[in-house]
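J.: Show me the folded form of this:
(chains A and B)
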Amino acid sequence: MTKPHVNGKRVLVVDDGMTTRLYYRDVLETAGFGVEEAVNGVEGLERALMGDFDLLIVDVNMPKMDGYEMIAQVRVDPALHEIPIITISTEAGERDADRAYAAGANLYMVKPADPALLTETAQMLTGVEMAR
Amino acid sequence: MPLIKARSHDADDDPVAPDTAGPADADTLLAAATASERRAAVHALEDSVDGQAALCRRLAIEPSASVREAILAALIRQRSPAIAAALLPLLRAEEAPLRNAAIEALAEMPDEVAPHVEALLADPDSDVRIFAGNMLGVLPHPRAAGWLLTALADEHVNVCAAAIDGLAEIGDPATAAALEAVPARFPGNSFIDFAVRVAVRRIGGC
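T.: All right, here's what the predicted structure looks like:
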């Protein structure tokens, strides 16, 4: 198997679903991203503050702290507020997307995220030159 | 500096709530002006049936996270069929924190939730079925894996995904065949294919 090219960008995946976290890890590592995981918004904020991430991928429905609250806290933290955020949720309604954007998300995607679209979006938001 | 919300530590100045209160009194106590007063009211009310009903009503409108946490902790301590029934409608709440709080609390009262699970999994709202699947993955009940197999047959991909995730946590090798049949129902869905492979590997079905 070809070892993925390492693009030097790091992504934090915040989702309480184990298979979802592993899926995003698989997709993003294949595209050359470094990936870390957190299982809820509280852990996500702690990891974000400890790491040097280029992108956050945040679920909405999580225990302890949901995605909207986590995003809002990221956006008022001087150390984190410029990190791009993709919100990925099971909820497809415009209301949910509006709420994510109001909290400070850069992009709202509906689960299950298409791997090619997720990769391209992650590359775009982190400034990685896309493969032709 | 981390901006994770600090918890309040103002218990020392909490007012003392009366030992007994009727339904109207309970709602009034829980609507007190300060969060510390409302937390005190939660503790004063949790032992009575009327008080528990008031706590369930208050949970849906309480703006303070610390008071919501106090209410949930009280409801979990006092778990009953009436409390579970009062929490179930919160799965339809617009506010994600409220929904998630309800899921967390319901997962702590498996015997009280059990009579409602089949109705939740047949709910016309796919979001409710998804949240039910999320709850079942952490519900300590002997029938939880069986209910997740029911959810696995759901036509909505994200209900199936919730069921796969739950079975990855609590399933056993006997559930592997049902899991392996799912990708054929969602051809081209790479997430479902991946999730099933992870779940089957975790439960030792291959």
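
J.: Tell me which residues are up against stretch B:61-75.
T.: B:5, B:7-8, B:30, B:35, B:38-39, B:42-43, B:45-46, B:52, B:55-56, B:58-59, B:83, B:87, B:97-98, B:101, B:104-105 (CB atoms under 8 Å, 6 or more residues apart in numbering or on different chains). To be clear about C-beta, it is placed using only N, CA and C from the backbone, and glycine gets the same treatment.

J.: Chain A: helices as residue ranges?
T.: A:18-30, A:41-50, A:67-75, A:94-103, A:115-126 (DSSP state H).

J.: Among the contacts of stretch B:61-75, name the ones in helices.
T.: Reading helices off these with DSSP H, I get B:30, B:35, B:38-39, B:42-43, B:45, B:52, B:55-56, B:58-59, B:83, B:87, B:97-98, B:101, B:104-105.

J.: among those, which are within reach of chain A?
T.: B:97, B:104 (CB under 8 Å from any CB of the partner chain).

J.: what sits against the spatially most central residue of chain A?
T.: The centroid of chain A falls nearest to residue A:57 when counting by CA atoms, centre = their mean (0.8 Å). By CB under 8 Å, 6+ apart, residue A:57 lies in contact with A:11, A:12, A:13, A:14, A:15, A:24, A:85, A:86, A:88, A:122.

J.: would TSV of those with pLDDT and distance to chain B be doable?
T.: Output for these, formatted as TSV (pLDDT from 0 to 100; distance: CB to the nearest CB, whole Å):
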residue	pLDDT	distance to chain B
A:11	97	17
A:12	97	15
A:13	97	13
A:14	97	14
A:15	94	10
A:24	96	9
A:85	97	15
A:86	97	15
A:88	92	11
A:122	95	16
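
J.: Make a PyMOL selection of whichever of the ones in helices among the contacts of stretch B:61-75 turn out to be buried.
T.: Selection of buried members from these for PyMOL, criterion 16 or more other CB atoms under 10 Å in any protein chain shown:
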select buried, chain B and resi 30+35+38+39+42+45+52+55+56+58+59+83+87+97+98+101+104+105
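
J.: Show me which residues of chain A sit near chain B.
T.: Going by CB under 8 Å from any CB, the residues of chain A near chain B are A:16-20, A:22-23, A:26, A:42, A:45-46, A:49, A:60-63, A:66-69, A:73, A:76-77, A:90-91, A:95, A:111-115.

J.: Would you mind naming the residues that bridge with residue A:89?
T.: Following DSSP bridges, residue A:89 is listed with bridge partners residue A:110.

J.: mind checking how far it is from residue A:96?
T.: Distance, residue A:89 to residue A:96, by CB to CB, to the nearest Å: 6 Å.

J.: same question, residue B:131
T.: 14 Å.

J.: Pull the number of nearby residues for residue 54.
T.: No chain in the question, so chain A it is. 20 (other CB atoms under 10 Å in any protein chain shown).

J.: actually chain B
T.: 27.

J.: I'm done for today, thanks for sticking with me.
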